[in-house]
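# everything below, folded, please.
(chains A and B)
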2 protein chains.
Amino acid sequence: MGEARDIEDLIDLMARLPGLGPRSARRAVLALLKKRGPLMAPLAQAMAHVALTARDCLTCGNVGTADTCAICANPARDTGEICVVEDVADLWAMERGGAFKGRYHVLGGTLSALDGVSPDDLRIPALVRRAAGAREVILALNATVEGQTTAHYIAEALEGSGVQVTTLAQGVPVGGELDYLDDGTIGAALRARRQF
Amino acid sequence: MGEARDIEDLIDLMARLPGLGPRSARRAVLALLKKRGPLMAPLAQAMAHVALTARDCLTCGNVGTADTCAICANPARDTGEICVVEDVADLWAMERGGAFKGRYHVLGGTLSALDGVSPDDLRIPALVRRAAGAREVILALNATVEGQTTAHYIAEALEGSGVQVTTLAQGVPVGGELDYLDDGTIGAALRARRQF
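This is a model prediction of the structure:
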């Protein structure tokens, strides 16, 4: 190969990122080599900094640079509402919408008998403890079998605690065309129809 | 946004890599955050190391970690044959094949009146100097208009120097199906047909 050993190592590491294969990793490294000063050095520094400082929030499981994440540390966010998400990616997706003003609880996955994921692996006991001080727990889990199984388990675990358990509405996405929607979504939207 | 400032900065930098957009950069950073120890820290270190040590070979323009690249420093490689390529990516592609045992000369682009790229911007004077000591210059430029224009310019510049100037053969790619080939390639393959 024409690459120097160090550059090959860098390509191998880059190829382990999701969405990058050996070929696109090589392309990315070539682009970095062309912009060593303006891009490669700052990127390496930013990555080293985050690798060193990033940690999971002890309260909600969000990732941040302190033991308490920016959302949990924000007094303007309603502590009475806890939005339960599977993953940090889902938390970021909710925040992009900007519609939710409460706190989060990141499970870190979904229950799975097959993969041996039990409630104790998922911050569910911590959620039950937190829920005692809240008015409402909003289950914003993915509309997959695993997500909905986990949602049912949590709803049962919170039964009798007095907290209101809700879930995201299902229906036609904004801008969605009926012709391209699956039957399940159309059925759910029809059942949940409302006064115009 | 739910991301901490440092993490957002890292996503912005990653999104500037070719093949990664804002969405896939976020996905890549999330994957890195999940594997801080085994992947993120080593990647940051490898990148910082290459950013610091990588330099262009003073002889051929290949990228390496010394003033003379591994190929130019290898006494087993024939100095009589110089393969001219546009880019380091093309050099790597040639080396993957492993068919060429000579030296390279990386132009760093193609001539372009539109973009104001002149021969002096492209290591062409250095190539003319190197060619004086070689038997053959192989033009392995891309089969694009810009690549072929540059090839013609170099062939003219080397005229009268006594060095043999050759170019890669055009034809049907190995494993290629005629039905999926463009007319230009089929025409070139037909004109260059040989005894079976």
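
# how about the helix or strand of chain A with the lowest mean pLDDT: buried residues?
Among the helices and strands of chain A, helix A:183-191 carries the lowest confidence by mean pLDDT, DSSP states H and E, at a mean of 84. Within helix A:183-191, the residues that count as buried by 16 or more other Cβ atoms under 10 Å in any protein chain shown are A:185, A:188-189. Where you see a C-beta, it was placed from the backbone N, CA and C, and this is true even at glycine.

# stretch A:36-56 too?
So, applying 16+ other Cβ under 10 Å, buried residues of stretch A:36-56: A:36, A:39-51, A:54, A:56.

# which of the buried residues of helix A:183-191 lies closest to chain B?
residue A:185 (22.3 Å; Cβ to the nearest Cβ).

# right, and that closest one touches residue A:178 too?
No - using Cβ atoms under 8 Å, residue A:185 is not in contact with residue A:178, being 9.3 Å away.

# what touches both of those two?
Here residue A:185 and residue A:178 have residue A:172 as joint contacts, going by Cβ atoms under 8 Å, 6 or more residues apart in numbering or on different chains.

# now residue A:83, what's its secondary structure?
Using DSSP: H, G, I helix; E, B strand; the rest coil, the structure places residue A:83 in strand.

# in this structure it contacts residue A:101, no?
No - applying Cβ under 8 Å, one finds residue A:83 not in contact with residue A:101, separated by 9.9 Å.

# who has more neighbours out of those two?
Neighbour count, other Cβ atoms under 10 Å in any protein chain shown: between residue A:83 and residue A:101, residue A:83 has more, with 22 against 11.

# coming back round to it: got the buried residues of helix A:183-191 as a markdown table, with distance to chain B columns?
Formatted as a markdown table, these follow (distance: Cβ to the nearest Cβ, whole Å):
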| residue | distance to chain B |
| --- | --- |
| A:185 | 22 |
| A:188 | 26 |
| A:189 | 26 |
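
# nearest to residue B:106, of these?
Nearest to residue B:106 out of these is residue A:185 (Cβ to Cβ; 53.4 Å).

# hey, C-alpha coordinates of the least confident helix or strand of chain A in PDB?
Taking C-alpha atoms only, helix A:183-191 is exported to PDB below (Å, rounded to 0.1, in the frame of the first residue of the first chain):
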ATOM      1  CA  ASP A 183     -51.400   0.600   6.900                       C
ATOM      2  CA  GLY A 184     -50.600   0.500  10.600                       C
ATOM      3  CA  THR A 185     -50.000   4.200  10.700                       C
ATOM      4  CA  ILE A 186     -53.100   5.000   8.700                       C
ATOM      5  CA  GLY A 187     -55.100   2.700  11.100                       C
ATOM      6  CA  ALA A 188     -53.700   4.400  14.200                       C
ATOM      7  CA  ALA A 189     -54.400   7.900  12.800                       C
ATOM      8  CA  LEU A 190     -58.000   6.900  12.000                       C
ATOM      9  CA  ARG A 191     -58.600   5.400  15.400                       C
END
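
# and the helix or strand where residue A:104 lies, which strands flank it?
Per DSSP states H and E, residue A:104 falls inside strand A:102-106. Strand A:102-106 has the following strand partners under DSSP bridges: strand A:78-85 (parallel).
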